[in-house]
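Engineer: After the sequence you'll find the predicted model.
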Amino acid sequence: LHPLSERKGPENSALYLQYSLLAEFRKIPGVKALPANPPAIPGLGSTGGFALEIEDLNNLGLPTLNRVGAEIMAKATADPTLAQIRLPTIFTGPELVADFDRQKAQQFGISPTSFFNALNSSTGSDFVNYFDYGSRSYNVLVQAGAKYRSNMQSLSRVYVQNSAGAMMPVSQFLNERMTTANVTIMRFNEYNALEIDGTNSATGSSGGALSTMARYADEVLPFGMRYEWSGIARQQVQSGPQTVLVFGMGLLFVFLVLVAQYESMTTPFVIMLAVPLALLGAIGAIYLRRLSEFLSIAIHSKLAGHLIPMPVTSSDIYAQIGYVMLIGLAAKNAILIVEFANQLREQGRETIDAVTHAAATRLRPILMTSIAFILGILPLAFAHGDGAQSRISLGTAVLGGMLVSTVLNLAIVPVLYVMVVNWTERKKKKPVAPGDLPPPPMPPPTLPGGPKTAAE
């Protein structure tokens, strides 16, 4: 490859190089090769994408395992959201089987024991004795040379003695036949297993690819078999539920900090309502960019006259990191409005007047900080070079979230603030029930002798 600075355009992307190599490999007769990216984390798998392990728990047999794997591969290959469905190695292939003709050997006076001893000594190995040389002892093994045991014709030079003392070639007592059998046996978790590798296509995501393969496995696997993930897919499945947990913990932590700062439950609630607006902008930006990239693929492919595959942005782990970042970034703008509105209410202003004045007063600092941050995130959203796709996912999510949050928070946060404050005040001014009224005051006691007049 030429240096990266000299490789411009989608025709020089890693995805297009895979597509070009695959097209060239298909022209080679008798060869099946699938180019693939290396794993995102070195050491977790041999290639990028997923690795599905089908385990034979009840020892149903290698033919059943091969049949189940073929059915899953057929479903996955026909799915447009999956790509490069393949086996990591050749599991089945032609096998030469030689059956010992016992009846014929008995007719010629050859016992099975002498036959297999002769065959084992030449094709395998046979221990004879120890050979002492110097201060060490060496094993003496009898075995034919490699070139004299490489094919079935070599067995015609291996002889076995019959009961009459005559030497006869072992090849005349073997019946040869070709069959198809497992030439490779994989094991996973100590069970016979079959591995299916693949990746998501340009129209799918890595999480969607795992869900699709899991659904196909559930549909096909018989009782006594199960599937598991290996490599980077295993880590993705195990850490999947943690994404929701991390996001929830981030929301809770920010909320508790705001509760401690304002000594109130309602004010932090108003601030946290700004977070969904930022998430709406982030997810919307991801899918708008995804739509534009599909359109770009269609245009480039039309101009070139053939498919030009290009990477497509998705809601991957980098975008999810951006979602967590947006919790604090979106809350920052709402804090500026809510804090100043609280100060104005303490000075005696009405709620609507206070929040309107706060939004107008804090407009410039909100715009200044937001625009500065947005300009700083632009290089991430429009990154190029090595590892650009990860920066694009993170930058697009944060950029879209900040744009929508900045615009909508100025209009929605004041409305939410008025609604929450009015609801809180109504709760404080709850009418007293008749049974909760205090008893009426007692009349003053009358002095003995009755009231006295002024003359008295």
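Structural biologist: Nice, I can see it. Being a predicted model, the structure only gives us computed values, none of them experimental.

Engineer: going forward, measure contacts between C-alpha atoms and count neighbours the same way
Structural biologist: OK.

Engineer: Buried residues of stretch 75-95, list them for me.
Structural biologist: In terms of neighbour count (16 or more other Cα atoms under 10 Å), stretch 75-95 has its buried residues at A76, T77, D79, T81, L82, A83, Q84, I85, R86, L87, F91.

Engineer: next one: stretch 363-383
Structural biologist: By 16+ other Cα under 10 Å, the buried positions in stretch 363-383 come out as L363, I366, S370, I374, I377, L380, A381, A383.

Engineer: same check, this time on stretch 182-195
Structural biologist: Buried residues in stretch 182-195 (16+ other Cα under 10 Å): N192, A193, L194, E195.

Engineer: Also stretch 165-182?
Structural biologist: Neighbour-count burial for stretch 165-182 [16+ other Cα under 10 Å]: M168, V170, S171, F173, L174.

Engineer: List the contacts of the third one.
Structural biologist: Counting by Cα atoms under 8 Å, 6 or more residues apart in numbering, S171 touches M152, Q153, L155, S156, V158.

Engineer: so what's it scoring on pLDDT?
Structural biologist: Here, the pLDDT recorded for S171 equals 85.

Engineer: Helices of this protein, start to end?
Structural biologist: 14-25, 62-77, 102-107, 112-123, 206-220, 232-262, 266-272, 275-304, 317-346, 351-361, 363-381, 388-428 (DSSP state H).

Engineer: Leaving out chain neighbours, which residue sits closest to F294?
Structural biologist: Leaving aside its chain neighbours, F294 sits nearest to V312 (7.5 Å; criterion: Cα to Cα, 6 or more residues apart in numbering).

Engineer: my guess is the one you found meets L295, correct?
Structural biologist: No - the pair V312 and L295 does not pass the contact test of Cα atoms under 8 Å, sitting 10.8 Å apart.

Engineer: Please identify which of those two sits among more neighbours.
Structural biologist: Under the criterion of other Cα atoms under 10 Å, the comparison of V312 against L295 puts V312 first, with 22 against 12.

Engineer: Next one: the more buried one from L15, what distance?
Structural biologist: V312 sits 10 Å away from L15 when distances are taken as Cα to Cα, to the nearest Å.

Engineer: and the least confident of the buried residues of stretch 75-95?
Structural biologist: Least confident by pLDDT among these: that is F91, with 73.

Engineer: OK, contacts around that one?
Structural biologist: With contacts taken as Cα under 8 Å, 6+ apart, F91 has the following neighbours: N182, V183, T184, I185.

Engineer: could the helices of the chain go into a markdown table alongside distance to V142?
Structural biologist: Listed next are those as a markdown table, based on distance: least, Cα to Cα, whole Å:
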| stretch | distance to V142 |
| --- | --- |
| helix 14-25 | 45 |
| helix 62-77 | 34 |
| helix 102-107 | 24 |
| helix 112-123 | 6 |
| helix 206-220 | 49 |
| helix 232-262 | 47 |
| helix 266-272 | 81 |
| helix 275-304 | 65 |
| helix 317-346 | 60 |
| helix 351-361 | 94 |
| helix 363-381 | 68 |
| helix 388-428 | 60 |
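
Engineer: Out of the ones you listed, name the one with the poorest average pLDDT.
Structural biologist: Taking mean pLDDT as the measure, helix 14-25 is lowest among these, coming in at a mean of 78.

Engineer: which helices and strands does it pack with?
Structural biologist: Using 3 or more Cα pairs under 8 Å, 6 or more residues apart in numbering; DSSP states H and E as the contact criterion, no helix or strand is in contact with helix 14-25.

Engineer: Can you give the contact residues for that helix?
Structural biologist: For helix 14-25, the surrounding residues in contact (Cα under 8 Å, 6+ apart) are 10-11, 31-37, 308-311.

Engineer: Verify the stated contact: L96 with R177.
Structural biologist: Yes - look at L96 against R177 with Cα under 8 Å: they come within range, at 5.9 Å.

Engineer: circling back: now, of the contacts of helix 14-25, which are buried?
Structural biologist: Applying a neighbour-count criterion of 16+ other Cα under 10 Å, the buried members of these are P10, E11, L34, A36, I308, P309, M310, P311.

Engineer: hmm, which two among these are most spread apart?
Structural biologist: Spatial extent of the buried ones among the contacts of helix 14-25 (Cα to Cα) is set by the pair P10 and L34 at 20.3 Å.

Engineer: Tell me which of the helices of the chain sits nearest to V140.
Structural biologist: Evaluated over the helices of the chain, closeness to V140 peaks at helix 112-123, with 12.2 Å, by Cα to Cα.

Engineer: Show me what that closest one is packed up against.
Structural biologist: Taking 3+ Cα pairs under 8 Å, 6+ apart as contact, the helices and strands that helix 112-123 lies on are strand 159-161.

Engineer: I'd like to know which elements the strand it packs on is packed against.
Structural biologist: Using 3+ Cα pairs under 8 Å, 6+ apart as the contact criterion, the secondary-structure elements in contact with strand 159-161 are helix 112-123, strand 167-169.

Engineer: give the contact list for G49.
Structural biologist: Contacts for G49 were tallied using Cα under 8 Å, 6+ apart; they are P39, D197, G198, T199, N200, S206, I232, A233.

Engineer: follow-up on the earlier one: from the buried residues of stretch 165-182, pick the one nearest D132.
Structural biologist: Closest to D132, out of all of the buried residues of stretch 165-182 and judged by Cα to Cα, is V170, at 33.8 Å.
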